[in-house]
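> give me a 3D structure for the following:
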Amino acid sequence: MEQYGWNESWQEKVTAPGTPGRVTLEHKNLYRVITENGEWLSSLSGKYRHEHSHQEFPSVGDWVMVEQMPGEEKGIIHSILPRSSQFSRKAAGDTSEIQTIAVNVDYVFLVMSLNHDFNIRRLERYLIASWDSGANPVIVLTKKDQCTDIEPYLREVESVAFGVPVYAVSNVTGEGIDELQQILSDAKTGALLGSSGVGKSSLINALSGSQLMAVQEIREDDSKGRHTTTHRELVLLPTGGLLIDTPGMREFQLGDYSEGVESSFSDVEALADACRFRDCSHGNEPGCAIQEALATGELQRDRYQSYLKLKRELAHMERKSDLAAQKAERDKWKQITKEYRKRPVKKR
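Down below sits the predicted model:
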């Protein structure tokens, strides 16, 4: 189990009976769980399913306590060990539900290609969620062999990703692949995140030295591709690391990531703290450090506009979450009252 990341710190989290195992694949509420006794196709126990919401169900990368069914290579999951990290986003559409993308990862590889897919505003969103997840972000720029000058791309990335390592790689020539393999040494777990067509599946194939993942061609006019990966899967690499591949995301809406905003936009937050007035709205007030930085070019206007947009989005999500929680509480008591009224009245 050590090659899948099991160590003493995980052992210390075990408080329930069963065999520890790691979820490598999820499919329609069935889970493939690797244990010291082999791989078991597992399902949730009825008790766990009844006592937990769907958002608390296992995800790929989770460590679970599982019981083997007698005489079968199948298991029943009874509990999940506390997670070390969790990368999530708001589910697509008009909802406040949070969708879990990857858990228990040491590194989040934020993948963009050096072509039409490159989008610095999208990268800001990924960075916010990465900082908030508890994992370490790593930026991977793919298709270096197709780019004649990567310096403008690197300057843009460095302007928003302070202190985050950046690797330009080529799945064709193999440039930069060794460095990524070294990051995942000692059974570290990484997750690949990015839009469709950026080369995530090709990157896994390059890191593993084999054709583990199917690869689709992309359109030449806009560099976009179809979703090659349709599910999440934990892959064990021959060099000793693990990777979670994820489906390409057409949109990435933020959840409650206020701390991630502070980390990703530390430059803007520091300027705001330097304003003369604590309640500065960063408009026409005297001594506004943000307006001064915008005027001198120290702060790019499009980055500040992105910051304001993300702050508004987070505030909207917070309001929706509060309303959803209030509605859930009302519905719970309505159901309790309804069930109470259905009880037969005892005759004295």
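
> when you work out contacts or count neighbours from here on, use the C-alpha atoms and nothing else.
Fine.

> just give me the neighbour total for the closest residue in space to residue 138 that isn't next to it in sequence.
Spatially, and ignoring its direct neighbours in sequence, residue 138 is nearest to residue 109 (4.8 Å; Cα to Cα, 6 or more residues apart in numbering). For residue 109, the neighbour count with other Cα atoms under 10 Å is 26.

> isn't residue 109 up against residue 190?
Yes. Contact criterion Cα atoms under 8 Å: residue 109 and residue 190 qualify, at 6.7 Å.

> and the closest residue to residue 5 other than its chain neighbours, what does it touch?
Once flanking residues are discounted, residue 5 sits nearest to residue 187: 5.2 Å by Cα to Cα, 6+ apart. By Cα atoms under 8 Å, 6 or more residues apart in numbering, the contact list for residue 187 reads 2-5, 240-242.

> filter these to the buried ones?
Among those, those classed as buried by 16 or more other Cα atoms under 10 Å are 4-5, 240-242.

> where's the dip in pLDDT among these?
Minimum pLDDT for these is recorded at residue 240 (86).

> doesn't residue 183 make contact with that one?
No. With contact taken as Cα under 8 Å, residue 240 and residue 183 are classed as non-touching, separated by 10.4 Å.

> and residue 69, how far is that from residue 38?
As for residue 69, its distance to residue 38 is 13 Å (criterion: Cα to Cα, to the nearest Å).

> cool, and residue 59?
19 Å.

> and these two? Which one has more around it.
residue 59 (25 against 11).

> could you list the low-confidence segments of the stretch 1-150 of the chain?
Within the stretch 1-150 of the chain, the ranges that satisfy pLDDT under 70 run 89-97.

> so which residues of it form helices?
Using DSSP state H, counting those that start in this stretch, the helices of the stretch 1-150 of the chain run over 8-11, 46-51, 120-133.

> pull the contacting residues for the spatially most central residue of the chain.
Centroid-nearest residue in the chain: residue 87, 2.8 Å away (criterion: Cα atoms, centre = their mean). By Cα under 8 Å, 6+ apart, the contact list for residue 87 reads 100-103, 129-130, 132-133, 135.

> whichever of those end up buried, select them in PyMOL.
Selection of buried members from those for PyMOL, criterion 16+ other Cα under 10 Å:
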select buried, resi 100+101+102+103+129+130+132+133+135
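
> nearest to residue 54, of the contacts of residue 87?
residue 100 (10.5 Å; Cα to Cα).

> which pair in the buried ones among the contacts of residue 187 spans the largest distance?
Across the buried ones among the contacts of residue 187, the longest distance by Cα to Cα is 9.7 Å; it joins 5 and 240.

> okay, and the common contacts of those two?
187-188.

> on that earlier part again, do you know how far the residue nearest to the centre of the chain is from residue 101?
6 Å.

> now do residue 21
Taking Cα to Cα as the measure, residue 21 falls 19 Å from residue 101.

> mind checking which of the buried ones among the contacts of residue 187 are in strands?
residue 242 (DSSP state E).

> what's the closest of the buried ones among the contacts of residue 187 to residue 301?
residue 242 (39.4 Å).

> the closest one pairs with what?
residue 189, residue 236 (DSSP bridges).

> residue 76 too?
Residues in a beta bridge with residue 76, per DSSP bridges, are residue 43, residue 67.

> just to check, it is in contact with residue 45?
Yes. Assessed by Cα under 8 Å, residue 76 is found in contact with residue 45 at 5.7 Å.

> between those two, which one's more packed in?
Neighbour count, other Cα under 10 Å: between residue 76 and residue 45, residue 76 has more, with 20 against 15.

> state the distance from the more buried one to residue 268.
49 Å.

> before we move on, what about residue 55?
From residue 55 to residue 268 the distance is 33 Å (Cα to Cα).

> looking at these two, which one has more neighbours?
residue 268 (20 against 11).

> where do the strands sit along the chain?
So, for the chain - with DSSP E - the strands run 19-27, 30-35, 38-44, 63-68, 74-80, 86-90, 98-103, 107-113, 136-142, 166-168, 189-193, 233-236, 242-245.
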